[in-house]
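Novice: need a structure here:
(chains A and B)
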Amino acid sequence: MRLYLLCLLMSVFSAAAHAAIVQQEMRPGIPASAEYLIGQRSKPAVLLLHGFLQTRDFSTVTALARGLQDAGYTVLSPTLSLNIPYRMQSLACEAVHRHGMDDDVAEIGRWVDWLKSHGHRSIVLIGHSFGSLQLLAYLSSHPDPAVKAYVGASLIEAQIGEMSRPDLIGQLENRIQNKQRVLVTQTLSFCRKYTSTPEDLLSYVRWDQPRVLSALRQTPVRVLLIMGDADSTLGRGWLKVLQHIRIPMVVVHRGSHFLDGEHEFDLLDHTLRFLEAVPQGASR
Amino acid sequence: MKWPDAISIKQIALAFITGLLVLVSLIGGFAAYQTRAVTRSLEQHNQDAARSELSASVQHLLKQTDEQAAKLANWDETRQQLVLPEYYSYWRDQRVYESGILPSRFVRAALYTPSGSLLAPSPGKIPLPAKLPADVSRHQASSWLVDEAGVIALYQAFPVYIDERRQPLLGYGLIRLDFMPALLQQESLHFTDVASVRLTLKPGESLPASELFSRLKFSARPDPDQLRFQTILSRTLLALFVLLMATALIGFVVYNRLLVRPLRRLSQDIDAMQHGRFIPHSSRSQAMRISELENVRRSLHEYQLQLRELHGSLEHQNREFHSQARQDALTGCHNRRAYEEDWESFRNELKSSPQGAAFLLFDCDRFKTINDTYGHAKGDRVLTIIADALVMALRANDRLYRLGGDEFATFLSRTTPAQAKQIAQRCQSLLDASAFSDLGINEPVGISIGIAFCAADQLEHVDDLPKQADIAMYTAKQPGRARIALYGEDTERASQTLVASRETSALFQALATPGMVEMHYQSIHALPGRKIDYYEALARIRYHGDLILPHAFLPVVNSRRLEAEFDLAVLNQVDVDLSSGQLPPGIGLSINLSAQSISHPEVVSQLLELSRHNARHPLILEITETSLITQMVEVRTYLDLLRTVNYRIAMDDFGTGYSPLRYLVDLPVDVVKFDISLVNKLGQDNRAGQVVADFARMMSDAGYSLVAEGVETEAVLRKVESLGIAHVQGYLLSRPVPLAELAAGFANQDAGTTCAN
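Specialist: Numbers count the residues shown, from 1 in each chain, chains lettered A, B, ... in the order given. The predicted structure follows:
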């Protein structure tokens, strides 16, 4: 018993000792931070990305990060800056959104680079919700070879509500073409009044379901989708479409979009199971 | 301090009520003072509470602002704007409010560069400073207040860093809010009077928030309970005071009605009784409610009734006494006291209501003689009849006064001299018709009436009326007069009359001053041969160098009844002259005396004293026959006495007076001096002259020594000689000369004799 308690304490202190907040400047004047949970060197490092406008402190992310760390994986869970210096809070929908998909992809790339600079040669990208889409966007644009696998939890396209996407895209492109810098308020994802510049908004709006499916099919790494069948945010038939293209996918029964609660374990279990199959990267 | 001798019961009541009110006022004042102290304590408590809560509110507001500043400083979107300020206005005007960091549009936010410059100008009415104050700290928030056009603005500036390590500095944020509304809108102000909170800043002054509270002016909100308590207490005190005032007033009224008024009534009754007023009053018989006072009232009332009866009796008696005091007991007409009172009133009435006035003086002729002759009882009846007649003759409103003896007077108003004379004549007519014969008086009884009149425009002389009437009366009494004389009209020689007052003064001065009566001596010659036998001493008055003769002052003597006093003065002067030795021994003197003086003890005494000169100067007393001798028996007694000391008695002015034969019969007369009027009759060859001559002869035969006086002509002298009259006197032979001249004559005579020898 005493030995067990000692081991427990050591593991707790050990975990605390292997966690750090790391930061780096994404763009001039825009630093961003990430939590770096150091795991076993023998296991691939996980870059765990939060959902739309969230931070790494989002519960689904933190729970998964702790689970992965507990499982011996090194986890880097950044908070996308969204062009806000050292962003610490989830960004409101109505805030001035000066970030686009390209910025997000660039930041992901920088964090991948950061992991590589810290000796991680096998990197698994795990995203939740819109974070899964952002990671997919990264994968669709010259991903780093160190990236070995991709887990998309509750993967969702850039939803724009009832409005016709082509019309929206047209309007945005028109604005861009006319160099109109006036902020646009549009439904995006769960935001009904997402306020952004036309360029930035357009960068997200372009990621509709077909583009997502295309990116999934073309991704160069191993893919696993973990979806909840009770995810109300998903578009009708999205799960069937995903199943139709035969992307490896786990559907968590009664799992919601956030895969929280009891489904956290489903998410973790399926993730760990997937990670076990990911090849080891070279050590530092 | 002098206390009043006595204070009224009303004053006591007033003092008591005043004292009571003062006491209540003091108690009320003390209560009010205590209430005020409590109120002040409560006010102080409220003030302290207001201070505490206001301080807390200020601190809360500052803290709230501080928290808002901190939220803004730590807000990702704030940092975003400092890095990418393209949409700063959207953040400033919309995001800060939508996010709920700033509560309302009254709170403004702005961002500044690290150098303190405003990112973008603030639109609208409230411009924010383009530059932050230089003293804004890089490391901590700082707040201050400024007065912006009457609006107190609270600014809170705060640094914005890029991360939690506070490095590097991205810029500054600024919150501006309207301080007073923000402070006062807090619902925590319960004790503070919101309207009273003031913060006054000088133009351009920047007040650090740390000094804010010390500059804040405020007052505590009145405590409703306290106000209610004060109101209740004030109303209670007021009600108490009013109640007490009303009670005091009612008490005073009751006290006044039950005690003061009855006591005053009693006091007034007693005062009235003291002043002799016993007028019955209906209220006096009303019963008093206080039994003791009722007893006093009843006793006093009964006593008053008794006194009133007594007073009535006394008044009746007084009226009787007064009437009697003003009424002559004998005649029933008014007496001298009434005369004096009425005359005074009459004079005053004349002065206030000018009118013609007359004064009538009545004097019964020869009343003394009547009295002496027929007795006092008949004399009194005569006076009564005279008074009755005069009253009947006078007008209805005229009053008759008996001044004394047989002298009556009246004064007539609204009259003329003619009316006065008419009334006087009516008086005499009625008197003449009176039946004095019924009393057994056969002699005529008449009255002499002197009238003095004063016209309405000469009332300043009204005081002279009695004197003028007196003079007129004297004139009326003169033999041969009509017995009615009006002063000024009937009095002869008015100018002399006017001088009368001067002679009166001379007379009175002479009576009081020995030596002023000067004796002149006229020789009386024996017939035949005309040798001087003796001298008659004739009185003169030397007054301021002038010599006043007897005809001027004797009327005054007679009218003033000064015969005795004047004769005493004459006797004194004769005594002086005789004692001077200037008259040779053997020279006799005759001295004039009035009949009235003979009965005067002092005169008799003086005569007895003077009789010592009889040895050297035989003395004769001349009794004036014109004077009425009323006390015949008494006079005879004295004359007899004087004859025992060798006085001879002469009847002077025989033939002009009253009852000459009776005098000769009753009195011890030695010498009879024929009046000049009789002497003049001797010069007439008529029956009167024969009568006089026969009478003189008869007198001589009877043994009387006769003296003819007033002989001024030789014819008369010869007639006198022929009749065998022993002595003669008159200007034919000599005039009266002063003693000095007479003495000088004697001296010359002696010298001539000596030379002849």
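
Novice: and chain A, which residues reach chain B?
Specialist: Counting by Cβ under 8 Å from any Cβ of the partner chain, the residues of chain A lying close to chain B are A:23, A:29-31, A:33, A:83-89, A:91-92, A:94-96, A:98, A:181, A:183, A:195. C-beta: built from backbone N, CA, C; applies to glycine.

Novice: just the buried members of these?
Specialist: Neighbour-count burial (16 or more other Cβ atoms under 10 Å in any protein chain shown) applied to these gives A:23, A:30-31, A:33, A:83-89, A:91-92, A:94-96, A:98, A:183, A:195.

Novice: and residue B:272, how far is that from chain A?
Specialist: Using Cβ to the nearest Cβ, to the nearest Å, one obtains 111 Å as the distance from residue B:272 to chain A.

Novice: tell me what the strand or helix carrying that residue is packed against?
Specialist: Assessed by DSSP states H and E, residue B:272 sits inside helix B:261-274. Counting contacts by 3 or more Cβ pairs under 8 Å, 6 or more residues apart in numbering or on different chains; DSSP states H and E, helix B:261-274 is packed against helix B:291-326.

Novice: Let's see that with 10 Å instead.
Specialist: helix B:9-74, helix B:291-326 (3 or more Cβ pairs under 10 Å, 6 or more residues apart in numbering or on different chains; DSSP states H and E).

Novice: In chain B, which strand is the longest?
Specialist: strand B:531-543 (DSSP state E).

Novice: what does whichever helix or strand comes after that strand rub up against?
Specialist: Using DSSP H and E, the helix or strand that directly follows strand B:531-543 along the chain is strand B:546-548. With contact meaning Cβ atoms under 10 Å, 6 or more residues apart in numbering or on different chains, strand B:546-548 is reached by B:499, B:502-503, B:506-507, B:510, B:516, B:518, B:520, B:539-542, B:738.

Novice: Distance-wise, check the nearest residue to residue A:198 once chain neighbours are set aside relative to chain B.
Specialist: Nearest residue to residue A:198 in three dimensions, chain neighbours excluded: residue A:175, at 3.9 Å (Cβ to Cβ, 6 or more residues apart in numbering or on different chains). To chain B, residue A:175 is 15 Å away according to Cβ to the nearest Cβ.

Novice: and residue A:175, what is it in contact with?
Specialist: By Cβ under 10 Å, 6+ apart, the contact list for residue A:175 reads A:181-182, A:184, A:197-199, A:201-202.

Novice: Show me chain A divided up by domain.
Specialist: A:22-91+A:99-157+A:207-276, A:159-206 (automatic domain parsing).

Novice: Where does the residue nearest to residue A:198 fall, secondary structure wise?
Specialist: Judged by DSSP H and E, residue A:175 forms part of helix A:165-177.

Novice: next one: residue B:639
Specialist: helix B:632-644.

Novice: continuing past that helix, what's the next helix or strand?
Specialist: strand B:648-654.

Novice: Lowest-confidence member of the contacts of residue A:175, which is it?
Specialist: Note: of those, the lowest pLDDT belongs to residue A:181, at 87.

Novice: My read is that that one contacts residue B:90, right?
Specialist: No - look at residue A:181 against residue B:90 with Cβ atoms under 10 Å: they stay out of range, at 11.4 Å.

Novice: residues contacting residue A:215?
Specialist: Here residue A:215 is in contact with A:133, A:135-141, A:207, A:223 (criterion: Cβ under 10 Å, 6+ apart).

Novice: Which stretches in the stretch 51-200 of chain A count as helices?
Specialist: In the stretch 51-200 of chain A, the segments counted as helices under DSSP state H, counting those that start in this stretch are A:59-70, A:101-117, A:130-139, A:165-177, A:198-205.

Novice: With the stretch 151-300 of chain B instead?
Specialist: Taking DSSP H, counting those that start in this stretch as the test, the helices found in the stretch 151-300 of chain B are B:179-184, B:212-215, B:224-255, B:261-274, B:291-326.

Novice: Since that was my last question, I'll sign off now.
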